[in-house]
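Student: Need coordinates for the following:
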Amino acid sequence: MLENVDPSAIEDAALRAIVLALMNEVERLSAENTALKDDNQRLRDEVQHLKGEQGKPVIRPMTRPTSVSSEQERHVPRPHRKGAKQRHVCIDREEIRQVDRQGLPPDAEFKGYVNVVVQDVSFATANVLFHKEKFYSPSARKTYIAALPDGYVGQFGPGIVSWVLSLYHGSGMSEPKIHDLLQTVGISISAGEISNMLIKHQEVFHQERQDILRAGLESTSWQHLDSTATRLKGQNYHCHVLCNPFYTAYGTLPSKDRIHLICALLGRQTPSFALNDVAVQMLHTTGVPQKWIRAVIALVPWGQEMTEERVNALLETATPPLPWHIAKMVRDGLALGFYRTQTEVLVPAVLLTDDAAQSNLLAEEWALCWVHEARHYKKLEPRLDYHRQCLATFSAAFWTFYRRLLAYREQPTAADATALASAFDTLFGTPTGYDQLDHRAALTRARKEHLLMVLKHPEIPLHNNPAELGVRQRVRKRDVSLAACTPEGLAGWDTFQTIVETAKKLGVNLTAYLRDRITNRYALPSLASLIAHQSLRAVQPRAA
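Tutor: So this is what the prediction gives:
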């Protein structure tokens with residue numbers, strides 16, 4: 001009966017209010033009923049599993065599930081320009097092809113050449129038999145044997161090593177598929193050797209990852225941050241992705257709490273702590289009661305860098321004992337005290353993330369992603385047509401406001417910033433009559449400072465999609481390899497995914513870069529130096 005009711009057409013205010021309340025109650029009960037059905041089915045399936053039987057089969061619908069993507073709403077049509085595909089093709093050799101003279105008429109005249117570029121590739125062995133000189137000194141009782149060129153380790157040269165690394169980390173091939181490919185070409189190699197190439201003797205590249213992270217943090221005043229799950233030997237870990245337009249850095253740690261996010265920003269595996277003025281300020285900010293702050297100051301030495309083990313030991317001596325949630329807040333505050341005062345890496349001025357609370361306080365200011373915020377509204381599924389219309393009208397206004405923010409980034413002015421702040425209050429503060437939508441809008445309005453950080457910093461993006469794209473690469477890696485088997489293997493994932501994604505952003509040929517480092521030639525500039533160079537070039541036009 002309420003499916004097609006339009007309360008705005010009811011003239012009596014009291015009756016209109018009753019109908020609106022009734023419609024919202026229908027929406028609430030409908031959502032609650034759906035949730036209860038899902039919970040009930042899960043419990044039934046669990047009972048069936050405990051009996052040794054199977055639960056209800058999952059039959060996917062023929063239609064696509066409801067998507068929370070906002071790509072269509074955010075898309076701004078742009079004219080398509082088709083570029084020349086072969087303008088960047090490097091010509092390795094030239095060959096003249098002649099016309100069959102016997103088929104030419106007597107009056108045929110030569111009119112030059114028609115140029116055709118044909119691309120091809122040759123993937124073949126380049127095996128070398130080295131005759132290494134050998135000398136023996138009777139006086140020294142020592143044998144001297146000539147060394148192999150740089151990059152040749154054991155029975156395999158730098159070409160194989162660089163291709164294995166490139167195919168595995170850059171192209172997402174599994175170790176068995178790489179093994180099959182090399183054997184097809186004619187390389188005699190075991191699966192164990194391929195695994196060793198991916199894990200062993202990668203100190204140079206691990207240091208490269210640290211340099212990329214440090215240069216990336218210094219390249220812009222703002223950074224993207226996101227996380228995704230990763231498993232190591234059956235244990236749940238979290239991969240943290242830091243990026244901006246010039247780099248992407250990966251760091252996998254046991255947790256995604258605030259302390260481990262700080263480790264990711266520092267490029268470390270273990271946290272450090274310090275009690276100082278900043279730490280005390282953080283304790284006040286996070287709501288630690290004053291009596292516990294005094295207890296911490298009395299227990300923890302001032303200004304010293306401490307390990308997690310020492311901090312835990314000191315906090316355990318408190319009398320009375322600190323409640324577990326207070327102890328956690330204290331550790332967070334001490335970790336922030338060290339991080340915000342250290343000089344090893346640059347602390348971002350603005351950190352752009354999703355709305356996870358642990359991301360707050362990691363930088364001087366915290367910006368939230370508008371695309372993440374839009375997904376909350378995408379998840380609303382009104383049953384009544386009136387509420388569907390309310391949601392559609394609100395969504396159109398949401399993306400109109402989003403485009404106004406995009407325009408502001410191009411030409412920011414104080415007057416526009418004031419107008420946009422006022423428009424934000426109007427959009428998210430005006431009741432629609434759809435209670436679930438109004439509740440969601442109220443939550444958005446509470447995040448006003450962080451969502452409108454772009455008004456203060458027009459240089460930052462409005463969404464965290466670059467970090468999500470970086471996360472997607474780790475998800476694809478999980479699809480291929482499922483999980484890392486050793487800490488060394490997981491470190492290889494982080495290091496080479498950092499190099500691969502950063503090389504893409506900088507326009508560097510991955511295989512050539514890896515071979516350059518494996519052979520110790522260092523003819524190519526480091527990725528860290530390219531980050532610094534390209535970031536400097538990016539700010540020069542604006543500075544001018």
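Student: just for this protein, where's the confidence low?
Tutor: Scanning the chain for pLDDT under 70 picks out 1-4, 59-72, 75-86, 540-544.
Student: Specify the residue ranges that define each domain of it.
Tutor: For the chain, automatic domain parsing gives the domain ranges 277-339, 370-456.
Student: Of all those domains, which one is nearest residue 16?
Tutor: Closest of the domains of the chain to residue 16 is domain 370-456, at 9.2 Å (criterion: Cβ to Cβ). Using the backbone N, CA and C atoms, a C-beta is placed for each residue, glycine as well.
Student: So for the closest one, first residue to last residue, what's the gap.
Tutor: 16 Å (Cα to Cα, to the nearest Å).
Student: so what does the one helix or strand residue 177 maps to touch, helix or strand wise?
Tutor: For residue 177, the enclosing helix or strand under DSSP states H and E is helix 175-185. Here helix 175-185 touches helix 158-165, helix 191-199, going by 3 or more Cβ pairs under 8 Å, 6 or more residues apart in numbering; DSSP states H and E.
Student: let's see it at 10 Å
Tutor: If you count contacts as 3 or more Cβ pairs under 10 Å, 6 or more residues apart in numbering; DSSP states H and E, helix 175-185 packs onto helix 158-165, helix 191-199, helix 465-481.
Student: can you put the domains of the chain in a markdown table and add distance to residue 496 and mean neighbour count?
Tutor: Formatted as a markdown table, those follow (distance: least, Cβ to Cβ, whole Å; neighbours: other Cβ atoms under 10 Å):
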| stretch | distance to residue 496 | mean neighbour count |
| --- | --- | --- |
| domain 277-339 | 26 | 16 |
| domain 370-456 | 28 | 16 |
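Student: what about the strands in this structure?
Tutor: 134-137, 142-145, 222-232, 235-244, 247-253, 350-353, 365-368 (DSSP state E).
Student: Would you mind giving those strands as a markdown table with mean neighbour count and distance to residue 291 added?
Tutor: Output for the strands of the chain, formatted as a markdown table (neighbours: other Cβ atoms under 10 Å; distance: least, Cβ to Cβ, whole Å):
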| stretch | mean neighbour count | distance to residue 291 |
| --- | --- | --- |
| strand 134-137 | 9 | 76 |
| strand 142-145 | 10 | 72 |
| strand 222-232 | 21 | 34 |
| strand 235-244 | 21 | 34 |
| strand 247-253 | 27 | 32 |
| strand 350-353 | 24 | 31 |
| strand 365-368 | 22 | 29 |
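Student: can you tell me which of these comes nearest to residue 402?
Tutor: When the strands of the chain are compared (using Cβ to Cβ), the closest one is strand 365-368, at 13.0 Å.
Student: pull the CA atoms of the closest one into CSV?
Tutor: The C-alpha coordinates for strand 365-368 follow below in CSV (Å, rounded to 0.1, in the frame of the first residue of the first chain):
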residue,chain,number,x,y,z
GLU,A,365,46.3,16.6,9.3
TRP,A,366,44.0,13.9,8.1
ALA,A,367,42.0,14.0,4.9
LEU,A,368,39.2,11.5,4.1
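Student: Contacts for it next, please.
Tutor: 221-222, 224, 348-357, 359-360, 444, 447-454, 456-457, 460-464 (Cβ atoms under 10 Å, 6 or more residues apart in numbering).
Student: hang on, the earlier thing: for the domains of the chain, which one sits closest to residue 203?
Tutor: With Cβ to Cβ as the measure, domain 277-339 is the member of the domains of the chain nearest residue 203 (23.9 Å).
Student: one step back: could you export the strands of the chain as a markdown table, including distance to residue 259?
Tutor: Below are these laid out as a markdown table (distance: least, Cβ to Cβ, whole Å):
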| stretch | distance to residue 259 |
| --- | --- |
| strand 134-137 | 56 |
| strand 142-145 | 51 |
| strand 222-232 | 13 |
| strand 235-244 | 12 |
| strand 247-253 | 9 |
| strand 350-353 | 16 |
| strand 365-368 | 17 |
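Student: Figure out which of the ones you listed is closest to residue 194.
Tutor: The minimum distance between residue 194 and these falls on strand 222-232, with 20.2 Å, by Cβ to Cβ.
Student: Please state the offset of the longest helix anywhere in the chain from the chain centre?
Tutor: Determined from DSSP state H, the single longest helix within the chain is helix 13-50. Centre-to-centre, helix 13-50 and its host chain are 36 Å apart (Cα atoms, centre = their mean, to the nearest Å).
Student: List the buried residues of it.
Tutor: 19, 20, 23, 24, 26, 27, 45 (16 or more other Cβ atoms under 10 Å).
Student: Widest-spaced pair of those?
Tutor: Between all members of the buried residues of helix 13-50, the farthest pair (by Cβ to Cβ) comes out as 19 and 45, at 39.4 Å.
Student: will you turn the domains of the chain into TSV that also has distance to residue 237?
Tutor: Converted to TSV, those look like this (distance: least, Cβ to Cβ, whole Å):
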stretch	distance to residue 237
domain 277-339	17
domain 370-456	23
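Student: who wins for proximity to residue 51 among those?
Tutor: Closest to residue 51 of those is domain 370-456 (Cβ to Cβ; 33.5 Å).
Student: Distance of the residue lying farthest from the centre of the chain relative to residue 99?
Tutor: Most distant from the centre of the chain: residue 106, at 67.9 Å, with distances by Cα atoms, centre = their mean. The gap separating residue 106 from residue 99 is 14 Å, by Cβ to Cβ, to the nearest Å.
Student: For burial, what's the neighbour tally of the closest residue to residue 159 other than its chain neighbours?
Tutor: The spatially closest residue to residue 159, leaving aside those adjacent along the chain, is residue 126, at 6.2 Å (Cβ to Cβ, 6 or more residues apart in numbering). When neighbours are defined as other Cβ atoms under 10 Å, residue 126 has 7 of them.
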